[in-house]
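# Okay, structure incoming, though there's no sequence with it:
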């Protein structure tokens, strides 16, 4: 039974001010207390309300609710085990944006109004600000699950933006997010058969960056389905690159290695158009490295190194390079499509699929995306869908070769 204790202040200048402290029995059998009530009746009523909430299973310890966000965020991150890169991204956002503002704020002191205003005032990319709110919401949901908060004030809230911010998002130029087949083929020829085939495979098969690095000669296979046969590329692993974090967020040495793909949809067999199946088979035949696409020494590419050494100069151009040890002089490269990235080439694949009318049931499967809605349950790829997709991608390739006037991508050596 809750009760109240009279408290008389002895602080200098308080003139013996009287307040009441509520005392209530906690679930573990100890007595909790809450000071600062103006009357005995209000203190007792508050304590009775706590004990009633305990009996109903909805009680939240006020002391935990007043705990700082930063302390709970670190505990939350230490207790859960998301995939390495996901964990690293969350820590980066926490350290760079979230904790500088919210570290010492009590959990119960966070409101949607303040969080939204803070996110809208961040001097970073709009998507980064939204991601920060998402991470905060995940952490606060964890606080609800751990009975540190009654409700998550950020749950199921949609961030509003100023008119100028909305206009900036809508005005974003997406023309550089996909490449015509002629561009893909020119890039492939420019960088040579090894890296060039990597670029072409990304554009015409739609593999993600990490997935492409984990492909082996044994990844090449065949689909046999109700009389339909075609070459395939099996995706089951990816090369992950991230800085692991210790329990308190400290950085550990870089991890660059093989992990399973993240989702069930990502584990898939990609149907290959004839030209790409032939190129990959020629490449895999007699290949002496474990992975189809790798550095010259057989190691995994780091994303930034490939972009800086291969993709950026190939797409955006470079100056002439003098002779160095192991390299003859190399000519100047003019720009082909400045700003194009490997991610843009994955966009390119899905754009080609849409252009040639690939049915959603097959397009989602081949891209490794989870299809939303009830149609994902009722609709399935058929052999005719697969055949039409492969014919369409082959036609896109042949159109690009005809426009360029090429018979082969790389000259025989």
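Yes, it's here. What you see is a predicted model; the values in this text were computed from it and never measured. Numbering: from 1, shown residues only.
# and residue 73, that one's in a helix?
Yes: when DSSP: H, G, I helix; E, B strand; the rest coil is applied, residue 73 is found to be in a helix.
# give me the number of residues near it?
By other Cβ atoms under 10 Å, the residues close to residue 73 number 26. Every residue, glycine included, has its C-beta placed from N, CA and C.
# before we move on, what about residue 213?
So residue 213, with other Cβ under 10 Å, has 26 neighbours.
# Same check on residue 307?
Neighbours of residue 307 using other Cβ under 10 Å come to 17.
# Residue 225 too?
Neighbour tally, residue 225, other Cβ under 10 Å: 12.
# Could you verify my assumption that it touches residue 385?
No: shown here, residue 225 and residue 385 do not form a contact pair, counting by Cβ atoms under 8 Å, at 10.8 Å.
# So for this structure, the centremost residue is which one?
In the chain, the C-alpha nearest the mean C-alpha coordinate belongs to residue 86, at 6.6 Å (Cα atoms, centre = their mean).
# Can you read off the pLDDT for that residue?
pLDDT recorded at residue 86 is 82.
# same check, this time on residue 330
Residue 330 carries a pLDDT value of 87.
# Same question for residue 174.
Confidence score, pLDDT, at residue 174: 57.
# Kindly report the same for the one 4 residues further on.
Residue 178 is assigned a pLDDT of 94 by the prediction.
# same deal with residue 33?
If you check residue 33, the pLDDT there is 82.
# ok, and what's touching the helix or strand it falls within?
In the assignment (DSSP states H and E), residue 33 maps to strand 31-37. If you take Cβ atoms under 8 Å, 6 or more residues apart in numbering as the criterion, strand 31-37 is touched by 4-5, 7, 19-26, 43, 46-47, 50, 61-63.
# One more pass at 7 Å, please.
Residues outside strand 31-37 that contact it (Cβ atoms under 7 Å, 6 or more residues apart in numbering) are 7, 19, 20, 21, 22, 23, 24, 25, 26, 43, 46, 62.
# ranges for the helices of the stretch 151-300 of the chain?
With helices called from DSSP state H, counting those that start in this stretch, the stretch 151-300 of the chain shows them at 163-170, 181-191, 193-205, 209-213, 274-284.
# Quick check: which of these is nearest to residue 343?
helix 209-213 (7.0 Å; Cβ to Cβ).
# List the buried residues in stretch 389-401.
Using 16 or more other Cβ atoms under 10 Å as the test for burial, stretch 389-401 gives 389, 390, 392, 393, 394, 396, 397, 400, 401.
# Name the residues of the strand holding residue 33 that come out as buried.
So, applying 16+ other Cβ under 10 Å, buried residues of strand 31-37: 32, 34, 37.
# One more: stretch 17-36?
Buried residues in stretch 17-36 (16+ other Cβ under 10 Å): 20, 21, 22, 23, 24, 25, 32, 34.
# and if you look at stretch 216-233?
Residues of stretch 216-233 classed as buried: 217, 219, 220, 230, 231, 232, 233 (neighbour count, 16+ other Cβ under 10 Å).
# any idea which helix is longest in this structure?
helix 383-404 (DSSP state H).
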